[in-house]
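>>> Sequence and computational prediction follow.
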Amino acid sequence: MLPRLPSLCEYLLIHQDQPVIEHYWKIEEQRWILEDVVGLDKTAERCWIEL
């Protein structure tokens with residue numbers, strides 16, 4: 001079982017072999033929204049993470 005991180009509210013999974021980002025953000029306890037960003041010309045529209 002994974003440890004719980006109550007303060008975690010957003011994360012990105014960045015693929016290494018293709019131009020794909022999976023952007024997840026929490027909308028309530030144990031409920032997440034996924035935004036798939038596919039392509040070199042795309043951006044994560046709802047991303048609040050500063051890189």
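Alright, I've got the coordinates.

>>> Every contact and neighbour count from this point should use C-alpha atoms.
Will do.

>>> Determine which residue lies closest to the centroid of the chain.
residue 23 (2.1 Å; C-alpha atoms, centre = their mean).

>>> low-scoring stretches of the protein, by residue?
1-2, 50-51 (pLDDT under 70).

>>> As a check, name the ranges of all strands in it.
10-14, 20-28, 31-38 (DSSP state E).

>>> Could I get those strands in TSV, plus columns for distance to residue 48?
What follows is these, written out as TSV (distance: least, C-alpha to C-alpha, whole Å):
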stretch	distance to residue 48
strand 10-14	8
strand 20-28	9
strand 31-38	13
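
>>> With respect to burial, which of those strands scores highest?
Between the strands of the chain, strand 20-28 has the highest mean count of neighbours, a mean of 16, where neighbours are mean count of other C-alpha atoms under 10 Å.

>>> Show me what that one pairs with in its sheet, parallel or antiparallel.
According to DSSP bridges, strand 20-28 has the following sheet partners: strand 10-14 (antiparallel), strand 31-38 (antiparallel).
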